[in-house]
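1. Structure, please.
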Amino acid sequence: MTRRALPLAALLATGVAFLAISAAAAKPAHPAAPSRLVSWTIDITLEVVAADAPPVFHAGSHDRLRIVYDAAQVSSATGTVRILGLQHWMDGHWSSPASQPTSEQSILNVRDRTLDFQRTVTHGAPILIALTPLNWSAVYSQKDGHEIIGGRYELDPAGPVPCDARIWATTGECEARPLANP
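-> Coordinates of the predicted model:
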């Protein structure tokens, strides 16, 4: 090897080693955590009930929702996670996850137990469903913007519970329920 080739060979060897070390460092040390769905029940104490609210709602009564999210995706830095589903408790079962669709902006902060959720849907009439970081939940008319129902919300102090992703995706429930005897 000539004197000129020796530094070039050393430089190339160092570069190859640097690239190999860089590539190894770029790979995550641990694989991504597997999905781990959980659900968290929300109690809303209704304070505002407009005259045009469905008759089932009364000031002082309680409404029940639940959110579903992937606990493995909670940010360790901020405590936030994207909500995968919001469901309403009606007639003894949870509504379909598709009835209140979520988006990238549907966020839960697990540290301070607050939500940032706004969705427009049509349930008989066009409405906006909102849960704010100020612990206020409301349903507004899309026609004129008035509040139809509203009240303070609180996430269940017992915390989230496991939710089977396969069952939730097909039935909207988090666990299999035994069939009732006919």
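2. Would you mind confirming that P133 makes contact with T114?
-> Yes: using C-beta atoms under 8 Å, P133 is in contact with T114, at 4.3 Å. Where you see a C-beta, it was placed from the backbone N, CA and C, and this is true even at glycine.
3. Of those two, which one has the most company?
-> Between P133 and T114, counted using other C-beta atoms under 10 Å, T114 has the larger neighbour count: 19 against 12.
4. Next up, the contacts around the more buried one.
-> Neighbouring residues of T114 by C-beta atoms under 8 Å, 6 or more residues apart in numbering: 108, 132-135.
5. Closest one of those to D164?
-> L108 (19.5 Å; C-beta to C-beta).
6. ok, the closest one - contacts?
-> 40, 67, 69, 80-83, 114-115 are the contacts of L108 under C-beta under 8 Å, 6+ apart.
7. What's the per-residue pLDDT of it here?
-> Per-residue confidence (pLDDT) for L108: 97.
8. Confirm that it sits in a strand.
-> Yes: remark: L108 belongs to a strand, assigned using DSSP: H, G, I helix; E, B strand; the rest coil.
9. so how far is Y140 from it?
-> Note on L108: its distance to Y140, by C-beta to C-beta, to the nearest Å, is 21 Å.
10. now the strands for the chain?
-> Secondary structure of the chain (DSSP state E): strands at 37-49, 62-70, 80-90, 93-94, 107-109, 114-123, 125-131, 136-141, 147-155, 161-162.
11. Of these, which is nearest P55?
-> Nearest to P55 among those is strand 37-49 (9.9 Å), distances taken as C-beta to C-beta.
12. List the buried residues for the closest one?
-> 37-44, 46, 48-49 (16 or more other C-beta atoms under 10 Å).
13. so how far is S99 from P160?
-> Where S99 is concerned, P160 sits at a distance of 21 Å (C-beta to C-beta).
14. Same question for T122.
-> 10 Å.
15. quick one, which of the two is more surrounded?
-> S99 (16 against 8).
16. That one contacts H88, correct?
-> Yes: counting by C-beta under 8 Å, S99 does reach H88; the two are 7.2 Å apart.
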